[in-house]
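structural data only, the sequence is not supplied:
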């Protein structure tokens, strides 16, 4: 039994974290904090917690929390984690940051895409990128884990075996991604209100979304060369779910079985990755509420391209679920602990 | 560890049952059947079951199943259970029927509302109406349990303390209920296709919905007099959830605290019923995916009426969840076993 | 050709007004105002107006506008119209107010339900309640018209013939209404964001919604006695549409044909009211985007109650459409002018 | 005033056609047919037509219709138009076919993608591809017009100026398209029911959708070389709307202004095409219910690709609206006649 805390527990990712940790058999969730709602019962903010009146939102004090807790999760807007973390804290506790501050290894990449100064570049250097299936070994010994973004988790997992095995032209990658509205967080602005989102679809942040360098970093590392790619996110009128539809030119002569072999090589022992059958493609409803990433692909002989479709629940494998998976790895628990549920359907 | 089977495992209620039983620590789900999909892997019908390729849909043979299994759940259209059940089966196994065949105690009420002949009136007599909070003691010793309808569960629980305690005029009850579309089942017809349902609301089966006599039966029993009431269902463009908005004339002088006392008398020890705070009313999102029934009420001094709002997830407390709750009672398990999860939000 | 202006042209009701007036063959829409967006092109706020770059949002100056325009529509939050209108303005132009300030004839009813002081009680006295089908003659000569609320239009029209003809017990009326989310306006708050509204239904402002006294006023006037009733609004996850499900005890012996005769007496010459066939009930999708109010009813012999269902588009017949219908009456145009379209489906 | 008929008037495209033609000032809609509903009032199938009880669904007799009518629209599944049309009919009337039978100039392309034999290859030769903005002159004199598909209209218009002006590498085109559910028609099958579609997104018919050769045909013709491209459709949980997100490698040195110039060259006089401002991208809500196609683009200097986003209403510019636009051209009416409405919002 370890002691855990969540800073930023009332956003959508934060509350999903609270839900999963609350049910986790190895975790005692001892502290949840919120600036907006401090002092309130969690059940007064989220009525689904009625009957759990003992969860109280506290004011945030990370230094103090670090003395009591084995692990602290941060679910904060970018730029907020890097002003909180310091060597002292890392000496006392493990940090799993769901934000963007520690994801990009290169300081200048972070500073140019996020347009802020990074507050602790030395800690950035040691942070481990917490895409569990790719970096399990480094995660085990990390003091601070940068939990990947939602789009990035889905996109990297979809393409990793192809770039790792050199099966596609690395300058030909295009990722067209679609997300449900929880991806925008619990943000109150005009673009987020029901009637502005409902019954419409749009692309946004074309050629400028901040998950782009994160995807490029991981795929570049896998391929050994510098990958620059296109990533276009879209907003879909639904609560949860992301699919990434990925396009790339195939290196000559790769057939279905060659590609399948590559995916199986990396993923056949990965519980949370499920390869779909030939000619069946992932739909977000089959992963909703679960930590699975479903992946399917199709070769188009006419254009000699591969189309890969990956699907996740953006709040689970794309945020809170993967954060808990990281915690499980970090503390030597079974990786599935607290995460091993099948999606309800239809939900 | 008991052995369970589900007949009709590919409808929405059936598949929710499979999901809950699959995770239930005291249950081995040994047999799931489907006429439409027999021989298929469950994961080929429901892709969320990938990684569980061992669940195979079998042809139905209830006699044989009754020899092997401790409990059999039936999730079938009305009229289908009563032609399957007989004394032999009941000698061998417990039956929990999610359909309507054994819910109405009076044969002629069943036959006139459902417009079919009942096939085993003698078994109807012994069937226990499985609204757990009202009939827990009879459920314990039942051989066959009639799991209540979705609208009925929500409506009866909302009104029960009021009629039981004589706080309302029994001839003044009006129930205006609203349900998500899973309530219509996995039925393929023109009225059920996406664009016919989406972005619209309608009332249906006004003054003729078959859940009416079921509500009347239970409330009449509670009050000791014959209650006749209005029940109007509506279809709401969402997957899950029911709210019942109930109206009745208050017997003179009942105040908020009197009413609250009545609800607490019956429900303060009921884990799956949660009373909302004063002036907070249930919303379906707070119970989605859970077995909770949330209830709130308001007294209107101007009209001397009470308005009670109840909310459930129609597939959980309104179907599969309550069926498992019945099973837990029947086999002496903790009533929460397999059902004790908080709703994810937003989902 | 008359000259019209809209104050508050960027809310949902205001923009629907702009759209209808823009297409109206008898209207030159000469001035649209907005405090939030003044100086901007309308097409920069609402991208559907691209190609109409000439519509510029002006700062509001009602005194000046009243000199130039034949009619001014106000689409403002309650309390805002009554501080703008004065005798001078009414001498110059006609006012159609979509807000609540001039709807309630009794000053103290307004002040107690809205909890504000009314700024021009003398003008309140002369304002005509613009429910076109009920008050056509007074509308013709009005200087200021109070356009009815959305719920109220739907509810009053549904019940009017019954109370007018004395067919129901006036103390037995219960209205359970359901609205799409545009009813909440273009309001930016946490309760209005997509993921909080989507996939859920709730009741709100139980026994306290401000449309209650408006419905009571009109039905009382029709019946000749003081009617007090229950009105419960619900929020439904869809953009547009309202249905009112109304319940009342029938005065003895009224049969289907008697009731039908009453509806036909008042509505058979009303173009914008459509009675559904026996046993067919209104759905909001059939009136979406149109100015129609569809009404159907059912007699429940078991309880001796009538259930009436009315459906409108809350932004059209429930706001902008009826406002234009009022304008048509006021200026002697054909009442259908600019409003005579069939709903697109599915939309 | 011309006389028009619609064959297949109860599907979604057919009914949208009925709606537009019903309101068209130059058209008398004299005959609407349906095999499923013949003999019924249109208002009994589509309740939004109440008050228009005179529209009766007739049995189909195209020979007879061709003698009476100036133009016949066909809204039928593929393979059905080509068995109906013959020289006799074309001598008597104009045909506008909303299906796929006459869209592909090459017989073998049609037969291999649609997997049927074409019934009248000689008529296929003369059919004009009715993408109005590209083929206006040929449309004027056509006897039979093949109305383009929904995805194709959106995709071709988005890319046409780029390929026509040689601004992109023609072997680099990838189109990732997303459609609302009306795109699947009024088809009753399990994949189309509400709960299977709602709250999920999926790709389908990857590398095999039949709109692919149609897009290739038109872009090849524009570029002068054989274009082979990737087209991936996705199903989005909303009623209407398509966006095509198109990717291509830019020929060196093309800047924003060069690209803009190309779009303006072809589209600045096209009423139904609206170019968005720099860094604003089309959303389906701004074109919903209208005949507009909105187009915006972004150059990604990092990858040297252009991303073009096009948006239409699939039932209007993607089907019935464009069919009427074709009719307007054919009969010398103003091209906007019957089509010149701004989208309502939110709807």
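Cool, the structure landed. For clarity, every value in this text was computed on a predicted model and none was experimentally measured.

list the buried residues of stretch A:255-265.
Within stretch A:255-265, the residues scored as buried using 16 or more other C-beta atoms under 10 Å in any protein chain shown are A:259, A:262, A:263. Every C-beta, even on glycine, is put in place using the N, C-alpha and C of the backbone.

end to end on stretch A:105-122, go ahead and measure it.
One end of stretch A:105-122 to the other measures 11 Å (C-alpha to C-alpha, to the nearest Å).

swap in stretch A:300-309?
End-to-end distance of stretch A:300-309 (C-alpha to C-alpha): 14 Å.

returning to that earlier point: narrow the buried residues of stretch A:255-265 to those in helices?
A:259, A:262, A:263 (DSSP state H).

mind putting those in CSV, pLDDT and distance to residue D:12 included?
As requested, those are exported to CSV (pLDDT from 0 to 100; distance: C-beta to C-beta, whole Å):
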residue, pLDDT, distance to residue D:12
A:259, 98, 38
A:262, 98, 42
A:263, 98, 39
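
between the buried residues of stretch A:255-265, which is closest to chain B?
For the buried residues of stretch A:255-265, the closest approach to chain B (C-beta to the nearest C-beta) belongs to residue A:263, at 14.0 Å.

in which helix or strand would I find the nearest residue to that closest one once chain neighbours are set aside?
Excluding its sequence neighbours, the residue lying closest to residue A:263 (C-beta to C-beta, 6 or more residues apart in numbering or on different chains) is residue A:161, at 4.9 Å. Here residue A:161 sits within helix A:150-164, counting by DSSP states H and E.

need the next SSE after that helix, C-terminal direction.
In N-to-C order, the element after helix A:150-164 by DSSP H and E is strand A:174-179.

what angle do strand D:174-179 and that following strand make with each other?
Angle, strand A:174-179 to strand D:174-179, by axes from the mean of the first three to the mean of the last three C-alpha atoms, to 10 degrees: 20 degrees.

show me what strand A:174-179 is packed against.
helix A:150-164, strand A:230-235, strand A:242-249, strand D:174-179, strand D:242-249 (3 or more C-beta pairs under 8 Å, 6 or more residues apart in numbering or on different chains; DSSP states H and E).

what would those look like in JSON lines with distance to residue C:11 and mean pLDDT?
Shown next, in JSON lines, are the helices and strands packed on strand A:174-179 (distance: least, C-beta to C-beta, whole Å; pLDDT from 0 to 100):
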{"stretch": "helix A:150-164", "distance to residue C:11": "33", "mean pLDDT": "98"}
{"stretch": "strand A:230-235", "distance to residue C:11": "23", "mean pLDDT": "98"}
{"stretch": "strand A:242-249", "distance to residue C:11": "33", "mean pLDDT": "98"}
{"stretch": "strand D:174-179", "distance to residue C:11": "29", "mean pLDDT": "98"}
{"stretch": "strand D:242-249", "distance to residue C:11": "27", "mean pLDDT": "98"}
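
what's the closest of these to residue A:188?
With C-beta to C-beta as the measure, strand A:230-235 is the member of those nearest residue A:188 (16.2 Å).

in the stretch 1-150 of chain A, what residue is nearest chain D?
In the stretch 1-150 of chain A, the residue that lies nearest chain D is residue A:113 (11.5 Å; C-beta to the nearest C-beta).

tell me the secondary structure at that residue.
Under the three-state scheme (DSSP: H, G, I helix; E, B strand; the rest coil), residue A:113 adopts helix.

ok, now how distant is it from residue A:123?
19 Å (C-beta to C-beta, to the nearest Å).

more neighbours: which of those two?
Counting neighbours by other C-beta atoms under 10 Å in any protein chain shown for residue A:113 and for residue A:123 shows that residue A:123 has the greater number, 21 against 18.

skipping adjacent residues, who's closest to the residue in the stretch 101-250 of chain A that chain B sits nearest to in space?
Residue nearest to chain B within the stretch 101-250 of chain A (C-beta to the nearest C-beta): residue A:239, separated by 4.6 Å. Nearest-residue entry for residue A:239: residue B:346, 4.6 Å, with adjacent residues in sequence omitted and distances by C-beta to C-beta, 6+ apart.

next: residue A:35.
Distance criterion C-beta to C-beta, 6+ apart; nearest residue to residue A:35, sequence neighbours excluded, is residue A:60 at 6.5 Å.
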